[in-house]
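Novice: pasting the sequence and the predicted coordinates here, then a few questions.
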Amino acid sequence: MSRAAAAALLTVPLFRAHLAQTLPGAWLLLYGVGVITGGAFSVSIVPVMGICFMMTGAAGLFFPPLGNWAMAAGFGGLHILFGIWIARRHGG
């Protein structure tokens, strides 16, 4: 099962249990796990990016009011930072 399917399936019970504030952290954690796994077949910095996604997701779980900011920092900021790093160090 893909990380997107796992996140989608996990969203429903969390939302029904009135735990929607935990969704950003859960999504970031699952995305980080997927990036780490996929990074096994890529350049060595990709699993590090996955770990950063997981740390951002953990912060989103511990500080639920900052969940949207964690998603912006993770899905926006980390992709940009690591994208620049990979483009410069590994040719794209």
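Specialist: In hand now; what should we look at?
Novice: how distant is the helix or strand bottoming out on mean pLDDT in the chain from the center of its chain?
Specialist: Sorting the helices and strands of the chain by mean pLDDT, DSSP states H and E puts helix 3-16 at the bottom, at a mean of 87. Distance of helix 3-16 from the chain centroid (Cα atoms, centre = their mean, to the nearest Å) equals 14 Å.
Novice: in terms of secondary structure, what does it contact?
Specialist: Packed against helix 3-16 by the contact rule (3 or more Cβ pairs under 8 Å, 6 or more residues apart in numbering; DSSP states H and E) you find helix 23-39. Every C-beta, even on glycine, is put in place using the N, C-alpha and C of the backbone.
Novice: for whichever helix or strand comes after the helix it packs on, what is the average pLDDT?
Specialist: Next along the chain after helix 23-39, taking DSSP states H and E as the criterion, comes helix 45-62. Summarised as a single mean, pLDDT over helix 45-62 is 96.
Novice: kindly report the same for stretch 30-40.
Specialist: pLDDT averaged over stretch 30-40 gives 93.
Novice: the spatially most central residue of the chain and residue 88: what is the separation?
Specialist: Closest residue to the average C-alpha location of the chain: residue 28 at 2.9 Å, with Cα atoms, centre = their mean. Going from residue 28 to residue 88 by Cβ to Cβ, to the nearest Å gives 25 Å.
Novice: and for residue 42?
Specialist: Residue 42 is 16 Å from residue 88, by Cβ to Cβ.
Novice: between those two, who's got more neighbours?
Specialist: A direct count of neighbours by other Cβ atoms under 10 Å for residue 42 and residue 88 places residue 42 higher, at 13 against 9.
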